[in-house]
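*Asks:* The sequence isn't on hand, but the structure is:
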Ligand code: ADP
Ligand code: ZN
């Protein structure tokens, strides 16, 4: 019996209804207490006096209840017999419950006695005591919910999906509105075609994908892309955020999912966009033994069921956005669900310029404004930041009473936006940028000489995600399942290449290398304790297999003597130190190349393809490289260039 309060006209009435109920029933309740006390109050007599009156033969009738005796006197026993005959006065007394002789005494004295007939008013009391509390509760509930929630959020519509529906074309967004993410756009172009010409694909028996996951930092334009797809294909666009599914009441989220899909299927072909999928789809394993989140799990299960339940060709395409794909439940990524993943990266310099152009379309720019120069000065900005920047600049110009926005407005706006972003620590200053550039080139140059690690495909100093200020992308040439010893050494050296470059150029290290060092040390330790690669310690597993439920807990070592522990530590340190030495030696030998490449990277922010390959082909190997790769030992007489802490 859902009471529809979605409708604006109905909401106020329902509020009055709730409030009115409340007042009405409170009154009735009071009345019920008050009624019996109307009329003449009976006189209260001590029990002993009552017995005396009975024994004196004065009592005519008595009504006996466990708690009270009401009685009347014979007219002749009262002060005014004539009046008493008309309306006998009622007396009450409180019986002594242990007096078992009472009936006998009454009978002996010919008193008419019995239990009173059921009270006429009693049924009202009973009824009220059953009905009123729930009604009062309901009244208060309806009243409160109506007061705080607008239409659509009201009392009994909690299960309705809050997905907002934009009808055809009204997203108003087309692909040209989204700039700087050309790769993602190219991949998503296909989806538009699926939606527009579904027949073409289904005729051939091809299955149209159901789910596409958009992965990227906040503000990179994932929502915008999803809207653009709907806009291009001219289909309705439903959107809902993962966090909106998670409600106070268990089961509501699941019913919302069901509702969303029902609506979507009615409007197919259409796009359903789920923002913040990670809020909903966090791996169920993460709750672990220590209690998961029932509501989230139920909602997630419902989503999985719905995704499996609709045919691939109904024309409903699900797009979901997240910036933490790694936390998603693996079940979400299975074939037939979100099996396609499109990365929406932070834009590089050209991308930023393109985005600035999009947002400057409706802004009057002065001739001195150079969007390319602004793009250079805004590394790390995402689309949302750039949109914000253009708006700030326009506001500044208006405040200063200018006819158009000049470059100085942009300069000031950049400072403002950066100040805001620095709080979120996403933007690098010049020195940090330089350090990151050398660091990444260091990885790339060392990596270029190492066996089996694959080619270095791309280096970038565009910050990506939380923590990663730059990155080096190394693609394996083939799928690898085993790693040879020299490859592990090479991997460790590559990991240390970043830090080594910082040491060599700046004479000091930054905190940016901590993740590399962690990985390098882990790998070295595993090669000794798990893979049995140490000559001295031999093929003994010193580490127990990880226990399943203690994820994140360090693998416990097998019980070993302190001497062996010491030996393990020594071996690990030797491996890491050797790799560190080699990395330094390589970079030292290629110092000019390191400097030039880092400068170029600073200018271009991203290096890939031929430009990068040409540089990396020039890397020359130091003499000791081969013997180190083979044996892990450095030639005699070569001392470590620097100590490393393990
Ligand atoms: P996300 O969903 O990735 O967090 P949004 O799509 O909500 O980011 O982006 C917020 C706003 O930032 C958009 O409405 C748009 O104005 C601007 N924006 C973001 N990325 C771009 C882009 N690539 N091109 C143009 N504008 C963008
Ligand atoms: Zn690094």
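*Replies:* Sure, I can see it. Just so we're clear, the structure is a prediction, and the values are computed from it rather than from any experiment. Numbers count the residues shown, from 1 in each chain. Ligands and ions are numbered 1, 2, ... in the order given.

*Asks:* Below-threshold pLDDT in the stretch 1-150 of the chain: ranges please.
*Replies:* Applying pLDDT under 70 to the stretch 1-150 of the chain flags the ranges 1-26, 28-41, 97-98, 116-123, 143-150.

*Asks:* quick one: the strands in it?
*Replies:* Secondary structure of the stretch 1-150 of the chain, counting by DSSP state E, counting those that start in this stretch: strands at 43-44, 59-64, 69-73, 90-93, 112-114.

*Asks:* Tell me which residues touch whatever residue of the stretch 451-600 of the chain ends up closest to ligand 2, please.
*Replies:* Distance from ligand 2 to each residue of the stretch 451-600 of the chain (C-beta to the ion) is smallest for residue 498, at 3.3 Å. Bear in mind the C-beta positions are built from the backbone N, C-alpha and C, glycine included. When contacts are counted by C-beta atoms under 8 Å, 6 or more residues apart in numbering, residue 498 touches 439-440, 442-443, 472, 512-513, 516.

*Asks:* Pop the domain breakdown of the protein in here.
*Replies:* Listed domain ranges for the chain are 1-157, 164-343, 349-419, 430-645 (source: automatic domain parsing).

*Asks:* Residues of the stretch 1-150 of the chain that sit close to ligand 1?
*Replies:* Residues of the stretch 1-150 of the chain found near ligand 1 (C-beta under 6 Å from any ligand atom): none.

*Asks:* Not counting sequence-adjacent ones, nearest residue to residue 102?
*Replies:* Of all residues not flanking residue 102 in the chain, residue 95 sits nearest, at 6.9 Å (C-beta to C-beta, 6 or more residues apart in numbering).

*Asks:* for residue 358, same thing?
*Replies:* Leaving aside its sequence neighbours, residue 358 sits nearest to residue 179 (C-beta to C-beta, 6+ apart; 4.7 Å).

*Asks:* Check residue 73 too.
*Replies:* Computed as C-beta to C-beta, 6+ apart, the closest residue to residue 73 that is not its neighbour in sequence is residue 58, at 5.2 Å.

*Asks:* Against ligand 1, how distant is the spatially most central residue of the chain?
*Replies:* Centrality entry for the chain: nearest residue to the mean C-alpha point is residue 279, 2.4 Å, by C-alpha atoms, centre = their mean. According to C-beta to the nearest ligand atom, to the nearest Å, residue 279 and ligand 1 sit 13 Å apart.

*Asks:* now the one helix or strand that residue maps to: how far from the chain's centre is it?
*Replies:* Counting by DSSP states H and E, the element that carries residue 279 is helix 277-281. Here the centre of helix 277-281 is set off from its chain's centre by 5 Å, with C-alpha atoms, centre = their mean, to the nearest Å.

*Asks:* Name the residues of the one helix or strand residue 473 maps to that are buried.
*Replies:* Using DSSP H and E, residue 473 sits in strand 471-475. Of all the residues in strand 471-475, those buried under the rule 16 or more other C-beta atoms under 10 Å are 471-472, 474.

*Asks:* Work out the gap between that strand and the centre of the chain.
*Replies:* Remark: strand 471-475 is offset 29 Å from the chain centroid, using C-alpha atoms, centre = their mean.

*Asks:* That one pairs with which strands, parallel or anti?
*Replies:* Paired strands of strand 471-475, with direction, are strand 455-460 (antiparallel) (DSSP bridges).

*Asks:* contacts for the strand it pairs with?
*Replies:* 348, 440-441, 443-444, 447-448, 470-475, 477, 601, 605-608, 612-613, 616.

*Asks:* just stretch 76-96 next, same as before
*Replies:* For stretch 76-96, contacts defined as C-beta under 8 Å, 6+ apart pick out 40, 42-47, 49-50, 53, 56-60, 64, 66-73, 75, 102.

*Asks:* Which pLDDT value belongs to the residue of the stretch 251-400 of the chain found nearest ligand 2?
*Replies:* The nearest approach of the stretch 251-400 of the chain to ligand 2 comes at residue 380, 17.1 Å away (C-beta to the ion). According to the prediction, residue 380 has pLDDT 78.

*Asks:* surely it meets residue 346?
*Replies:* Yes. Using C-beta atoms under 8 Å, residue 380 is in contact with residue 346, at 6.8 Å.

*Asks:* follow-up on the earlier one: for the strands of the stretch 1-150 of the chain, state which one has the densest average packing.
*Replies:* Per residue and on average, the most neighbours among the strands of the stretch 1-150 of the chain fall to strand 69-73, with a mean of 21 (mean count of other C-beta atoms under 10 Å).

*Asks:* who does that one touch, helix- and strand-wise?
*Replies:* Helices and strands touching strand 69-73, as assessed by 3 or more C-beta pairs under 8 Å, 6 or more residues apart in numbering; DSSP states H and E, comprise helix 47-55, strand 59-64, strand 90-93.

*Asks:* could you pull out the helices for the stretch 201-350 of the chain?
*Replies:* Using DSSP state H, counting those that start in this stretch, the helices assigned to the stretch 201-350 of the chain run over residues 222-233, 242-245, 252-266, 277-281, 284-287, 294-309, 349-360.

*Asks:* Lowest average pLDDT across those helices?
*Replies:* Ranked by mean pLDDT, these bottom out at helix 284-287, which scores a mean of 55.

*Asks:* For ligand 1, what's its nearest residue on the protein.
*Replies:* Taking C-beta to the nearest ligand atom as the measure, the chain has residue 383 as its residue closest to ligand 1, at 2.0 Å.
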